[in-house]
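Chemist: just need the structure, nothing else, for what follows:
(one chain, ligands or ions: 2)
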Amino acid sequence: MSTYSGENLVNNDKMQIEKITLGPYETNAYVIVCQETKQSVLMDAPAEAETLLEKLKGTTPQYLLLTHSHPDHTGALAKLKETLHVPLGAHPEEAKNLSITPELMLTEGTVITVGKLQLEVLHTPGHTGGSICFKMGDFLFGGDTLFPGGPGKTFSPKGFQQIIESITQKIFTLPEETMVLPGHGDSTVVKKAQEEYLVFSSKKQREDLYGDVLWLS
Ligand SMILES: [Zn+2]
Ligand SMILES: [Zn+2]
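Modeler: Ligands and ions are numbered 1, 2, ... in the order given. Here you go, the predicted structure:
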């Protein structure tokens, strides 16, 4: 049975952004299409390759991009890679956890061109060492780095410090109206996340804090 649900987030004369939620962890994949050239990219490969391939129909896929290497984001990777024959892009630190070696190593500042659209890579370690976000105009594809109400899950106090640094130095320096499209659940906006974080950072926190942290609790 398909667990698929989808939502057309943007559909104007320049671009289409479709969110497709798949798998037991309700992971979001995003299909981004340049309307002028019909070139496309798929961001993350959670599950159900057939569903994702269906969403790419009528476009010319250019790349398969990964925000990070966790299994809930890569379950359909092998099948998609085999079918699409497009370069796989990921951060070098995630490559060791992937069954397929990325042809495209994505690091801070890498720019990916999809027709008339450009995606810029931000290296945002914390959830994993090679977690990355992709900035495209007013949108940020955030992977598991920032969610509505809190940062992504971290696995050590050091990881938590890293994710806070990534969020405050790389994401909070973007225009406040930037919409963050995360790897799970609903989107948020930089301004709202900044306001929530301010409440968190104004209170004294345990030094060994990590895990599933919410800004407001
Ligand atoms: Zn993850
Ligand atoms: Zn995830």
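
Chemist: pretty sure residue 134 sits against residue 119.
Modeler: Yes - at 4.4 Å, residue 134 counts as touching residue 119 under the criterion of Cβ atoms under 8 Å. Placement of C-beta: from N, CA and C, glycine included.

Chemist: list the contacts for the closest residue to residue 170 other than its chain neighbours?
Modeler: Using Cβ to Cβ, 6 or more residues apart in numbering and skipping the chain neighbours, the partner closest in space to residue 170 is residue 122 (4.8 Å). Contacts of residue 122 were listed using Cβ atoms under 8 Å, 6 or more residues apart in numbering, and they are 108, 132, 133, 134, 135, 140, 166, 170, 171.

Chemist: buried residues in the strand or helix carrying residue 122, which are they?
Modeler: Assessed by DSSP states H and E, residue 122 sits inside strand 117-123. Going by neighbour count (16 or more other Cβ atoms under 10 Å), the buried part of strand 117-123 is 117, 119, 121, 122, 123.

Chemist: same thing with stretch 64-71?
Modeler: Residues of stretch 64-71 classed as buried by neighbour count (16+ other Cβ under 10 Å): 64, 65, 66, 67, 68, 69, 70.

Chemist: show me which pair in these is furthest apart.
Modeler: 64 and 70 (15.5 Å; Cβ to Cβ).

Chemist: re earlier: out of the contacts of residue 122, which are buried?
Modeler: Buried members of these, scored by 16+ other Cβ under 10 Å, are 132, 133, 134, 135, 140, 166, 170, 171.

Chemist: picking up where we left off before, reformat the buried residues of stretch 64-71 as CSV; add secondary structure and pLDDT.
Modeler: As requested, those are arranged in CSV below (DSSP: H, G, I helix; E, B strand; the rest coil; pLDDT from 0 to 100):
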residue, secondary structure, pLDDT
64, strand, 98
65, strand, 98
66, coil, 98
67, coil, 98
68, coil, 98
69, coil, 98
70, coil, 98
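
Chemist: which single one of those is nearest to residue 198?
Modeler: residue 67 (25.7 Å).

Chemist: any idea of the pLDDT on the closest residue to residue 77 other than its chain neighbours?
Modeler: Closest residue in space to residue 77, ignoring its immediate chain neighbours: residue 45 at 4.3 Å, by Cβ to Cβ, 6+ apart. Listed pLDDT for residue 45 reads 98.
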